[in-house]
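Engineer: Sequence and predicted structure, then a few things I'm wondering about:
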Amino acid sequence: AQSVAQPEDQVNVAEGNPLTVKCTYSVSGNPYLFWYVQYPNRGLQFLLKYITGDNLVKGSYGFEAEFNKSQTSFHLKKPSALVSDSALYFCAVRDGNTGFQKLVFGTGTRLLVSP
Amino acid sequence: DAMVIQNPRYQVTQFGKPVTLSCSQTLNHNVMYWYQQKSSQAPKLLFHYYDKDFNNEADTPDNFQSRRPNTSFCFLDIRSPGLGDAAMYLCATSRATGSTGELFFGEGSRLTVL
């Protein structure tokens, strides 16, 4: 069975500073990893995914994530935070070695970017 | 262009009065999901349809039912809503095969129970 851990309930960062939102995972096969963002009263929006290839994945709105197999991590990063990045972020994983598999979500991390 | 559309966006109902939430998709995905999300928690999967096959999660209450009359539409029926059923309900779709399993979400339906 797969699982995802987001160890921080909330991350606070000042506008213009770099941000990191942490995610670690556990999966028996090849990990397919995803980041989603959710704004208030909205659905989840896809940010980026890692399937294979380059460990640094670039996604929407200037976000990127680094896949680290040895540390089983997939941290979300952005070089310069914007106030508008304030939202709820979810990491998710599925086992890519099997056929149809449901995504497993982490508990979410609230990002607050102060002006 | 909206690809997964949920209606209504906001629904208010009375305790015990049945409610139906709808979801439609233009992606032609064969898997459709219903999630319940409370208070900025992680979305909780209620059930999913793999084509016409219905798959219920073990801990989904009997109060929640679903229908999928065709590929494009899926409905969530709450037979007798309780105060604890107030939540955001999210519909999502994916392709079962030949894809990475990425989910496409609608904007959600927020249910208030009075």
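Structural biologist: Sure thing, it's come through. Worth saying up front: this structure is predicted, and the values here are computed from it rather than measured.
Engineer: need the contact list for the residue in chain B positioned nearest to chain A.
Structural biologist: Here chain B gets closest to chain A at one residue, B:Phe105, 3.8 Å apart by CB to the nearest CB. For the C-beta atoms, the positions are set from N, CA and C on the backbone; glycine is no exception. Applying CB atoms under 8 Å, 6 or more residues apart in numbering or on different chains to B:Phe105 gives the contacts A:Tyr36, A:Gly43, A:Leu44, A:Gln45, B:Val4, B:Leu90, B:Cys91, B:Ala92.
Engineer: Show me those residues that map onto strands.
Structural biologist: A:Tyr36, A:Leu44, A:Gln45, B:Val4, B:Leu90, B:Cys91, B:Ala92 (DSSP state E).
Engineer: how many other residues sit next to the fifth one?
Structural biologist: Spelled out, that is B:Leu90. Other residues within reach of B:Leu90, judged by other CB atoms under 10 Å in any protein chain shown, total 29.
Engineer: Show me what the residue nearest to it when sequence neighbours are not counted is bridged to.
Structural biologist: Excluding its sequence neighbours, the residue lying closest to B:Leu90 (CB to CB, 6 or more residues apart in numbering or on different chains) is B:Tyr35, at 4.3 Å. For B:Tyr35, the beta-bridge partners are B:Leu45, B:Leu90 (DSSP bridges).
Engineer: before we move on, the earlier item: now the ones in strands among the contacts of B:Phe105 in JSON lines, with distance to B:Leu45?
Structural biologist: What follows is the ones in strands among the contacts of B:Phe105, written out as JSON lines (distance: CB to CB, whole Å):
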{"residue": "A:Tyr36", "distance to B:Leu45": "14"}
{"residue": "A:Leu44", "distance to B:Leu45": "13"}
{"residue": "A:Gln45", "distance to B:Leu45": "18"}
{"residue": "B:Val4", "distance to B:Leu45": "16"}
{"residue": "B:Leu90", "distance to B:Leu45": "10"}
{"residue": "B:Cys91", "distance to B:Leu45": "12"}
{"residue": "B:Ala92", "distance to B:Leu45": "9"}
